[in-house]
Structures are given as C-alpha cells and as structure tokens.
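Participant: okay, sequence plus prediction incoming.
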Amino acid sequence: MAVQVTHFSDLLCVWAYVGEARLTELRAQFGDDIAIEHRMCSVFGDTAGKIGAGWRDRGGYEGFAAHVRAVADQFELSVHPELWITTRPASSEGAHLLAKACQLLEARDAVAPGSSEQLLGAFREAFFREGQDIAQWSVHEAVADRIGLPVPELLIEIRCGAAHAALARDAHDRDQWGVQGSPTLLLNKGRQKLYGNVGYRVMEANIQEILRVPGAGEASWC
C-alpha cells in the first residue's frame, strides 16, 4: 500500500515554491510507493492584513518583497522583480478554489490524472516567475487554458458550491490536524508532521522508515 503524503500549502508562499522541487524528487524516487495529496492552507487569504499590516514595522510590501527575493536567492530560484512591489495579489483563495474544482474533476476522471498538481505548478510559475496577479480571474482562465483544462467545467464545480465545500474541508482538516502553516507534510494520518523549510533528506528518511516498518508511528497500546 502506498504511503499517504498530505501536503498543505498556500500558492503565494515562497517556502512552498521552494518545496516543489523536493516533492518532485520524492515522486521520482518513490514512485508508486507514495501518494501525494495536495490540500490548501490559507496563509495569504488576506494579503493586505498579512503583509500590509503584518509587515508594517519591517518595510511593508517592499520589506516582504526583499524577504521573498532573499529566500529565492538562497535556493537559486528565479522570482519576478515586481513581486509584492507592483504585483500584489489580494488573496490566494481564488486560485485555491480553482485548484479544488480541478481536484473534483480529476476524482471523476473528467480531466487527466495529475491535472490538479499541474495546475498548482502553473499557478506558482505564473506568480513567482512571470509576476502575474493570480488573484485575478482573467489570470485563472489563462493559466487553466495554457495547460488544457476545461474552464467551463471548472466553473460548474465553483458555481454549484462543490469547490467551496472542498476548500472548507481543507480548512477544517488543517485545524483538526494542527497544521501551523505552509508548507506542511503529514504522514501516518497526521501523526508525523514536517512543517516549513524541511530538507529533502528528512522527508526521505521519514518515508523510508514507514516503508521499512509498516505501521510505524501508530499509536502505542499504553
């Protein structure tokens, strides 16, 4: 049985952007031995509150932009120079909602396997590398079109409320499991939690231990 890896992240989080390469490497190494489930963790649901107010004493948006550039430089990742300077998405929630709509279609085989993960990657590419405002619906449409997703079908999942319900389940489970922020990896039904800038070797070791000892991390009898 594949090891379930639950990944909570926010699309505007630079640490989740850094972590994408680690998830790619996990999949390359472990293949069908792991199953990665992507869940949304709204850290940037209100960027005016988080950055405009939260970073007021640290340079506001300009200070946060410098922080993002410093993190990206540390990992030799490309980021657009206008991030958080002129490109200031109001919220990550709209993009998260479209991702949940895509997951619902994928669960019904209405889109190709892996489409929702591809959409998440495309959103991060659009924001971090291209400097697009991924809070805008026009950008949502363009990103979905670019990777061949059916926008009308995605809209059905949003307009009927199903995507909103799926996003609400992510928020409920995030609180239930005590997820502190983005990115967070959960293993063993939430018993093992890897939060923040966790190195690849730590992720690898945790998964290898579960594969080596099935049931590792289960609650004890005492």
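Facilitator: Happy to help now that I have it.
Participant: where exactly do the helices run in this protein?
Facilitator: With helices called from DSSP state H, the chain shows them at 14-30, 47, 60-74, 93-107, 115-124, 137-146, 151-159, 162-176, 200-212.
Participant: for the fourth one, which outside residues touch it?
Facilitator: What it means is helix 93-107. Under the contact criterion Cβ atoms under 8 Å, 6 or more residues apart in numbering, helix 93-107 has outside partners 10-11, 38, 40, 42, 45, 111-116, 119-120, 123, 134-137, 140, 144, 149-150, 153-155, 157-158, 162-164, 166-167, 170. Yep, even glycine has a C-beta here, placed from its N, CA and C like the rest.
Participant: mean confidence (pLDDT) on it, please.
Facilitator: The average pLDDT for helix 93-107 rounds to 98.
Participant: mind listing what residue 186 touches?
Facilitator: Residue 186 touches 5, 6, 7, 8, 177, 179, 192, 193, 194, counting by Cβ under 8 Å, 6+ apart.
Participant: which residues does it form a beta bridge with?
Facilitator: Per DSSP bridges, the residues bridged to residue 186 are residue 6, residue 193.
Participant: can you tell me how far it is from residue 89?
Facilitator: The gap separating residue 186 from residue 89 is 26 Å, by Cβ to Cβ, to the nearest Å.
Participant: could you do residue 124 as well?
Facilitator: According to Cβ to Cβ, residue 124 stands 12 Å off from residue 89.
Participant: my read: residue 55 touches residue 66, true?
Facilitator: No. Using Cβ atoms under 8 Å, residue 55 is not in contact with residue 66; the gap is 10.2 Å.
Participant: higher neighbour count, the two?
Facilitator: residue 55 (17 against 14; other Cβ atoms under 10 Å).
Participant: for that one, grab phi and psi.
Facilitator: phi -110, psi 20 (degrees, to the nearest 10).
Participant: list the contacts of it.
Facilitator: Going by Cβ under 8 Å, 6+ apart, residue 55 touches 61, 63, 64.
Participant: considering these, which possesses the most neighbours?
Facilitator: residue 64 (22 neighbours).
Participant: tell me the contacts of that residue?
Facilitator: So residue 64 contacts 51, 55, 58, 84 (Cβ under 8 Å, 6+ apart).
Participant: now the two most distant members of these.
Facilitator: Greatest spatial distance among the contacts of residue 64 (Cβ to Cβ): 58 and 84, at 12.4 Å.
Participant: one step back: need the contacts of residue 64 in JSON lines (columns: pLDDT).
Facilitator: Converted to JSON lines, the contacts of residue 64 look like this (pLDDT from 0 to 100):
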{"residue": "51", "pLDDT": "97"}
{"residue": "55", "pLDDT": "96"}
{"residue": "58", "pLDDT": "96"}
{"residue": "84", "pLDDT": "98"}
